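1. Need the 3D shape of this:
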Amino acid sequence: MVARSAGFTLIETIIALVLSSIVIMLVSTTFLVQTQYYSAQTLRAQAHDNARTATERMAGELRSVMDEGFVVAGRRTLTVRSPVRLFAVCDVTSTNVYVHNEGGETGLYNAEIAGVAWLNQSTGDWDYRTATWAYMDGTTGTPAPSCAVSGADTTWATGEFHRVRRLGLLYGTFPIEGDILMLYRETTFKIQTSVLEPGTLGLFRGTYGQPLVELATGMDSTAQFQYRTGGTTYADTITSANLSSIDAVRFVADARKRAESGGQRDVTYGWSVNMVLRNVP
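-> Numbering: from 1, shown residues only. This is a model prediction of the structure:
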């Protein structure tokens, strides 16, 4: 009787290798699919955050836009005026306009002021004039005593009364007691090629006379501003004659995140928000 030698035959070894290779391929494929799924979900979350950040940063400022507040309304560029401080005129002389500036100059960032607007109390319209605060700021005079003579309560608040100069040069006439003036900022939002994330678009913001700063990145080529002038239809460009009729802005902030590896596709996220305004009285 012939004894069989211990160990695997060649056929058994080949079969074992084939089975091991199949198991390894299945495990590797499962791991790769899970990794790609996790990566896609991470990119999707980043795209969502980019889109939401862009819209939230715009919404607050646009909702404060007053009547006649739109300057430019284009597909990728939007410029608006929004209030910084309201003044009540409490005394007027032949050369001076004295106002109640609630809170005084504390917290008033002079560099962002683009001009002054005068409320027409008959029509409710604002009449805007471009001017720096340095041009209008009157540091002399007797604002508190003059307003007190006109009946204003200046007790413990003398620092809240101010002289505004050169309104006669800006408007050709002077306001009267009880009129309302507004200091305003002029803000531009622009969608253009991102500096922080090349290959995508970014949302940039800048105030009058200041450079544009990138607020949000990772927007797709479909990102744009759209405008409603009554009804339900939105257009991506508004002529200057219809700027005062804009009553809502839609910001289409579709996002895009570039794939992290060659085996994946870019992740996109559709996002838009409608901002109903008080631009139209």
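2. What's the per-residue pLDDT of Cys273 here?
-> Rather than Cys, residue 273 is Val. pLDDT for Val273: 82.
3. Just list whatever residues bridge to it.
-> Phe251 (DSSP bridges).
4. and it, how many residues sit next to it?
-> Close neighbours of Val273, defined as other Cβ atoms under 10 Å, add up to 16. The C-beta positions use only the backbone N, C-alpha and C, and glycine is treated the same way.
5. My read is that it contacts Ala253, right?
-> Yes - assessed by Cβ atoms under 8 Å, Val273 is found in contact with Ala253 at 7.4 Å.
6. Give the residues shared as contacts by the two.
-> Thr55 (Cβ atoms under 8 Å, 6 or more residues apart in numbering).
7. Endpoint to endpoint, stretch 150-166 covers what distance?
-> 21 Å (Cα to Cα, to the nearest Å).
8. can you give me the strands for the stretch 101-250 of the chain?
-> With DSSP state E, counting those that start in this stretch as the criterion, the stretch 101-250 of the chain has strands at 113-119, 126-130, 137-138, 161-164, 180-193, 201-207, 213-219, 224-228, 234-235, 248-252.
9. Doesn't Met275 belong to a helix?
-> No - counting by DSSP: H, G, I helix; E, B strand; the rest coil, Met275 falls outside a helix, being strand.
10. Now for it: which residues touch it?
-> Residues in contact with Met275 (Cβ under 8 Å, 6+ apart) are Met58, Ala59, Leu62, Arg63, Ala248, Val249, Arg250, Phe251.
11. ok, back up a step: export the strands of the stretch 101-250 of the chain to JSON lines and tack on mean neighbour count, distance to Thr9 and mean pLDDT?
-> Formatted as JSON lines, the strands of the stretch 101-250 of the chain follow (neighbours: other Cβ atoms under 10 Å; distance: least, Cβ to Cβ, whole Å; pLDDT from 0 to 100):
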{"stretch": "strand 113-119", "mean neighbour count": "22", "distance to Thr9": "89", "mean pLDDT": "94"}
{"stretch": "strand 126-130", "mean neighbour count": "17", "distance to Thr9": "94", "mean pLDDT": "93"}
{"stretch": "strand 137-138", "mean neighbour count": "16", "distance to Thr9": "99", "mean pLDDT": "86"}
{"stretch": "strand 161-164", "mean neighbour count": "22", "distance to Thr9": "102", "mean pLDDT": "91"}
{"stretch": "strand 180-193", "mean neighbour count": "20", "distance to Thr9": "66", "mean pLDDT": "94"}
{"stretch": "strand 201-207", "mean neighbour count": "21", "distance to Thr9": "65", "mean pLDDT": "89"}
{"stretch": "strand 213-219", "mean neighbour count": "21", "distance to Thr9": "60", "mean pLDDT": "84"}
{"stretch": "strand 224-228", "mean neighbour count": "21", "distance to Thr9": "71", "mean pLDDT": "94"}
{"stretch": "strand 234-235", "mean neighbour count": "16", "distance to Thr9": "76", "mean pLDDT": "94"}
{"stretch": "strand 248-252", "mean neighbour count": "21", "distance to Thr9": "68", "mean pLDDT": "91"}
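12. closest one to Arg81 among the ones you listed?
-> strand 180-193 (4.7 Å; Cβ to Cβ).
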